[in-house]
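1. Give me the fold of what follows.
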Amino acid sequence: MVDVDELLSLDAVGQAEAVRNGVVSPREPALAAIARIEALDGELNAVIHRRFERALAEIDDIPEDAPFRGVPILLKDIGWESAGDPYGAGSKILDGVVADHDFHGTSVLRRAGFVILGRTNVPELATTITTEPLAYGPTRNPYDPDYSAGGSSGGSAAAVAAGMVPVATASDGGGSIRIPASMCGLVGLKPTRGRGSLGPSLAESWGGLSTTGVLTRTVRDTAALLDLLSEPMPGDPYAAPAWRRPLAEEAGADPGRMRIGFVTVHPRGEVPEDAEVTAAVTRTAALLESLGHEVVPAHPEALADPDFPMYHSAIISANVAAELETIAALRGRPVEPAELEPHNRLVAEAGRRMSATDYLAALGMLNGYRRRMAHWWTPHSTAPHSTAPHSTTPHSTTPDYAAPDSTASGFDLLLTPTLAVAPFPLGWISDDDVYLALERAGLAAAFTAPFNSTGQPAISLPAGRTAAGLPVGVQFVAAAGREDLLIRIGAQLETAT
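-> Okay, here's the model as predicted:
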């Protein structure tokens, strides 16, 4: 019999291999995960809706050839609907709501053989970077329960970091995959805009700022899950550039010699510098150089744009106001301001005050910002596409990217802090002073939010601990469509450390 702790220490790929090779039965990973959740979640508060009995009953119906047969997973409780299960989005305004359909990504995971054990905690409407909703209570960091697990995918991050499940779903509209990954010592990749479908209910989320993804403990798990979740739906409004081969094949592939720019202090000026965060970036830069990469202090000039936060926030505010109208229609009565947490009252009110022309002006500014940012990254040489039959990623017949061209004038990757501040305790972002809370959240996310607006892929990777023993992550950003470079560099650093 396989030791439970040994089984839970395996990543999703490892658990799938154990089931496929008959080392464990398809039920054992789920049973082990359930036991770990029951043992730890009373303190951590990561899993707010449990569906253990339904999950165990569904295992017998999973086809034997499903690639992740029997591997347990948790779903973030915003987006990621699962038919017949509660849907709360971190708020009391959705009390009693049960999803009547599966999100497209949920359906993909079911077909791949994952066992959905429940839903994870999120801040109300996913509008901040710490998971402390009044409706469900705070999620605590497994490294220190007095600290936040980050947000908005904080419940998912805490569950994966605590070893409850090897992977949990997430989404990112301003850093909500990458920030919890940084605070919980995980791998968190925000894909290129359009990489995963938001159907069937949505065409895009937050005006294109928000994308879906996963939180994992290994780079190979992130690659394998994104291969699955990149499956499109008919009617999607746009698509990300196709990869030349599945991402799973990039984990461990030679990254070549990349030209990497790095920045430790945010060029906007008002973002405070944190010594422990700076140290994580400089350590990573030195390691990259020792691995043969060209690493120089450099960043896109547009990153210093002082107007960016205002326009990014405007898009979010308008979309939150619209989301509340959708919720009102769903439950059959308006959402009153008093029903919302204080920061969301302000966000929604700002959205309601915007005119259509204000919204379009904000979109126009961010479109220009995206073009100014994009020039910093290297245009790459071309090579034929792979047409590997097992890939779920649609492949084009046009030329695709190959290895980085380090002789070009631009850069392959940008290295930054993930979170601009060291991991923070619960209550640091508090509605007791809502304006201070919004300011702190905005400054902390100063390195992540720009790449939601540009639509570029960005990954947070573990980069050591603070003096207090809490994880710190660093962020790598690639050109649109170049998740392959992020997986290659992530796997190389994972091996090196």
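
2. so which strand or helix has the nearest residue in space to Ser176 that is not next to it in sequence?
-> Excluding its sequence neighbours, the residue lying closest to Ser176 (CB to CB, 6 or more residues apart in numbering) is Ser152, at 4.1 Å. Backbone N, C-alpha and C define where each C-beta goes, glycine included. Here Ser152 is covered by no helix or strand, with elements defined by DSSP states H and E.

3. which residues does Ser152 contact?
-> 78, 90, 122-123, 126-129, 131, 171, 173, 176, 180 (CB atoms under 8 Å, 6 or more residues apart in numbering).

4. how about the helices in the stretch 51-200 of the chain?
-> Ranges of helices within the stretch 51-200 of the chain are 52-58, 104-111, 154-161, 178-184, based on DSSP state H, counting those that start in this stretch.

5. Next, format those helices as CSV and append distance to Ala422, mean pLDDT and mean neighbour count.
-> Below are these laid out as CSV (distance: least, CB to CB, whole Å; pLDDT from 0 to 100; neighbours: other CB atoms under 10 Å):
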stretch, distance to Ala422, mean pLDDT, mean neighbour count
helix 52-58, 36, 98, 14
helix 104-111, 32, 98, 21
helix 154-161, 16, 99, 34
helix 178-184, 9, 98, 34
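
6. picking that back up, nearest to Glu43, of the contacts of Ser152?
-> Thr131 (14.4 Å; CB to CB).

7. My understanding was that the closest one contacts Gly154; is that so?
-> Yes: taking CB atoms under 8 Å as the definition, Thr131 is a contact partner of Gly154 at 2.9 Å.

8. Okay, now the unreliable bits of the chain?
-> Along the chain, segments meeting pLDDT under 70 span 1, 379-409.

9. Regarding it, what is its longest helix?
-> Secondary structure of the chain per DSSP state H: the longest helix is helix 308-331.

10. Now for Thr131 and Gly154: what residues contact both?
-> With CB under 8 Å, 6+ apart as the test, Thr131 and Gly154 both reach 121-123, 139, 148, 180.

11. Compare these and tell me which is most surrounded.
-> Ranked by neighbour count (other CB atoms under 10 Å), the shared contacts of Thr131 and Gly154 have Pro180 at the top, with 37 neighbours.

12. show me the residues around it that make contact.
-> Counting by CB under 8 Å, 6+ apart, Pro180 makes contact with 131, 149-154, 156-158, 170, 186, 188, 215.

13. buried set for stretch 195-206?
-> Residues 195-199, 202, 204-206 are the ones in stretch 195-206 that count as buried (16 or more other CB atoms under 10 Å).

14. Output the contacts of Ser152 as CSV; include the columns distance to Met365.
-> Supplementary listing: the contacts of Ser152 in CSV, determined by distance: CB to CB, whole Å:
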residue, distance to Met365
Ile78, 27
Gly90, 29
Val122, 28
Pro123, 27
Ala126, 23
Thr127, 21
Thr128, 23
Ile129, 23
Thr131, 30
Ser171, 24
Gly173, 17
Ser176, 22
Pro180, 28
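
15. Strands - which of those residues land there?
-> Counting by DSSP state E, the part of the contacts of Ser152 found in strands is Ser171.

16. now, which of the contacts of Ser152 sits nearest Asp100?
-> Out of the contacts of Ser152, the member with the shortest distance to Asp100 (by CB to CB) is Ile78, at 16.3 Å.

17. Greatest separation within the shared contacts of Thr131 and Gly154: which pair is it?
-> Farthest pair in the shared contacts of Thr131 and Gly154, by CB to CB: Val122 and Ser148, 12.8 Å.

18. shared neighbours of the two, anything?
-> 131, 154.

19. still on that earlier bit, need the buried residues of stretch 195-206 in TSV with distance to Arg110, can you?
-> What follows is these, written out as TSV (distance: CB to CB, whole Å):
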residue	distance to Arg110
Arg195	20
Gly196	15
Ser197	15
Leu198	17
Gly199	15
Leu202	19
Glu204	23
Ser205	21
Trp206	26
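
20. Out of those, which comes closest to Glu6?
-> Of the buried residues of stretch 195-206, the one sitting nearest to Glu6 (CB to CB) turns out to be Gly196, at 32.1 Å.

21. Distance-wise, check that closest one relative to Thr106.
-> To Thr106, Gly196 is 12 Å away according to CB to CB, to the nearest Å.

22. same check, this time on Thr212
-> According to CB to CB, Thr212 stands 10 Å off from Thr106.
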